[in-house]
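> Structure of the sequence below:
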Amino acid sequence: MARVLVVDDDPTIRSLVGMALEDAGYEVVQAASGSAALTALGPGTLHPDVILLDMRMPGMDGWEFASRYRAQAGPKAPIVVMTAAQDAAHRAAQIAADTFLSKPFDLGALYDCVARFTVAPCQA
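You can find the predicted model right below:
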């Protein structure tokens with residue numbers, strides 16, 4: 001089962017994205033901040049197939065998370081920036097993200113984006 005890490009400080013967005021992906025057959029882990037996500041990604045822990053990353057979060061934002069995550073040893077999951085900013089492509093480029101989703105996005109765009117980096121699960 002493909003695993004997705006959703007990193008967003010907005011509990012509603014985390015919950016909706018998480019439920020949608022779980023309903024589609026993905027295993028979802030949620031983190032409310034960049035620091036919580038790094039903890040989840042520590043040695044011997046979570047190895048996601050893709051990371052959905054909000055950029056503007058209190059504490060450790062998406063920029064700092066991406067920098068610290070990439071500095072860790074081991075293989076890295078693709079990062080998808082999720083942002084409401086009008087310059088979404090620029091923000092994704094700033095952290096060398098694999099792609100971006102502009103908020104608000106529809107479920108089709110979410111599924112298509114995640115499927116690009118995972119083996120899409122079978123839906124019942």
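
> Isn't residue 1 up against residue 26?
Yes: assessed by C-beta atoms under 8 Å, residue 1 is found in contact with residue 26 at 6.9 Å. (Glycine included, C-beta is placed from N, CA and C.)

> Which one's more surrounded, those two?
residue 26 (23 against 9; other C-beta atoms under 10 Å).

> And that one, how close does it get to residue 47?
Going from residue 26 to residue 47 by C-beta to C-beta, to the nearest Å gives 14 Å.

> Buried residues in the one helix or strand in the chain whose mean pLDDT sits lowest, which are they?
Every helix and strand of the chain was ranked by mean pLDDT, DSSP states H and E. The lowest is helix 88-94, at a mean of 90. The neighbour-count check on helix 88-94 (16 or more other C-beta atoms under 10 Å) flags 88, 91-92 as buried.

> now this structure, which segments are flagged as low pLDDT?
Along the chain, the parts satisfying pLDDT under 70 run over 120-124.

> Would you map the helices across it?
Secondary structure of the chain by DSSP state H: the helices cover 11-23, 34-40, 62-71, 88-94, 107-117.

> In terms of secondary structure, what does the fourth one contact?
Same thing as helix 88-94. strand 79-83, strand 99-102 (3 or more C-beta pairs under 8 Å, 6 or more residues apart in numbering; DSSP states H and E).

> contacts for it?
Contact with helix 88-94 is made by 55, 62-63, 81, 83, 85, 97-102, as judged by C-beta atoms under 8 Å, 6 or more residues apart in numbering.

> Give me the distance between the residue nearest the centre of the chain and residue 93.
Nearest to the mean C-alpha position of the chain, by C-alpha atoms, centre = their mean, lies residue 52 at 1.2 Å. Applying C-beta to C-beta, the value for residue 52 to residue 93 is 17 Å.
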